[in-house]
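Q: starting from these lines, generate the structure:
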Amino acid sequence: MSKKIYFTPGPSQLYFTVEEHIKNALKKNILSISHRSKTFKILYEECIENIKILFNLNKNYHIAFTSSANEIWERIIQNLIVKTSIHYVNGSFSKKFYDYTKMYNINSKIIESFNKPYNYNIEYSNEELIAITLNETSTGISCPNDKIIEARSKFKNSLIALDCVSGTPSIPFEIKNVDTFYFSVQKCFGLPSGLGVWIYNNECIDRCFDKINKKEIVGSYHSLIKLNELGKKNQTPETPNVFGIYLLKNVINDMLKKGIVNIINETNYKSKIIDFTIKNHPQISHLIKNEAIRSKTVKVANTNKKSNYLIDKLINQNLIIGKGYGNNDYQIRIANFPTHSKENIEMLCDIISRTEF
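A: The predicted structure is shown next:
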């Protein structure tokens, strides 16, 4: 019996080298090492260095590990916002970030945008943070790089936070135009869940110190200052996900060998195949009609019957796609991450094209 292939939008199919890395981790007893040991410090430093190379980070940017991207939302609120923020919302996940700010009594504004690009023509009064999403996993909407550049030009006095959870490294953007960006590893990086990566610049550190000087609470063991100070020593405040850091280090190394340009080009190629399949299937249609903002990594399509009919037929062939986010029974979601080979995407699309449900 052939193995199942997961095209779900996260957790998704493991990156094809992960199995070998897991075996090596067990052989090296990585899962037993102390997080205060020299072995861990070397592992931490190597992982951080690989991330810096992957994103071509300059010395103005720093990296910390958390448990998830959801945690990073809360850390951003605690450390980088005193009173005000603007949230550009185009789906359930970007909306959740906004909702979290309200739990902290932040004077946050929401601007919703679904079938059109972000509109920055708003009354702006130097809000402290602008939250935008590179790729919204629930709806399959992407933010083009030119809109990120436009945001930087518009909001010169604000910190810009970019949610990259289901986009990076497959969807490129110019990092200099954001102050902080973040992701979790169970989507494009093809790893088990349980690790968030928070990248932030010196301006974010300055903002955190401003809050501290105003006697504002910035959190405890995972305050930005604590994370940053220990990170300089290749340490973490608590016992971290050592296994996840080890796997991330190695998978990024594999991606660097493959070449980020090749990963982006393959993503674009596979995206066109999926788009063509959805467009030409009589029972499926794109949720996002505007190609300029349609995601290349998470395809969301409407179905004219309950989607479980199609999902179940694919399961019978060991192909696992995602259902619509939440309780939407008339949608499917198909992940197009670096681990999904061109051959697997072509096979999936060929079967979908020939499947009536």
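Q: switch to C-alpha atoms for all contacts and neighbour counts from now on
A: OK.
Q: residues of stretch 330-346 that come out buried?
A: Within stretch 330-346, the residues scored as buried using 16 or more other CA atoms under 10 Å are 330-340, 342, 345-346.
Q: same thing with stretch 222-239?
A: 222-228, 231, 234-237.
Q: and that stretch, how far out from the chain middle?
A: Centre-to-centre, stretch 222-239 and its host chain are 22 Å apart (CA atoms, centre = their mean, to the nearest Å).
Q: and for stretch 43-50?
A: With CA atoms, centre = their mean, you get 19 Å for stretch 43-50.
Q: which of the three states applies to the nearest residue to I334 once chain neighbours are set aside?
A: Spatially, and ignoring its direct neighbours in sequence, I334 is nearest to K299 (5.0 Å; CA to CA, 6 or more residues apart in numbering). Under DSSP: H, G, I helix; E, B strand; the rest coil, the three-state class of K299 is strand.
Q: ok, K299 to F276 distance?
A: 11 Å (CA to CA, to the nearest Å).
Q: compare these two (neighbour count), which wins?
A: Per other CA atoms under 10 Å, whichever of K299 and F276 has more neighbours is K299, with 26 against 13.
Q: mind listing what the more buried one touches?
A: Shown in contact with K299 (CA atoms under 8 Å, 6 or more residues apart in numbering): 140, 274-275, 333-336.
Q: I352: which of these is nearest?
A: Using CA to CA, I274 comes nearest to I352 of these, at 9.8 Å.
Q: so that closest one touches M347, yeah?
A: No. The pair I274 and M347 fails to qualify as a contact (CA atoms under 8 Å) at a distance of 10.7 Å.
Q: neighbour-wise, which of the two wins?
A: I274 (21 against 13).
Q: what about that one, which helix or strand?
A: Secondary structure assignment for I274, by DSSP states H and E: helix 260-280.
Q: which residues are in contact with that helix?
A: Helix 260-280 has contacts (CA under 8 Å, 6+ apart) with 54, 169-172, 255, 284-286, 296-297, 299, 301, 336-338, 342, 345-346, 349-350, 352-353.
Q: try stretch 135-145
A: Residues from elsewhere that reach stretch 135-145, judged by CA under 8 Å, 6+ apart: 9, 90-94, 114, 117-118, 133-134, 163-167, 172-174, 287-288, 292-300, 324-325.
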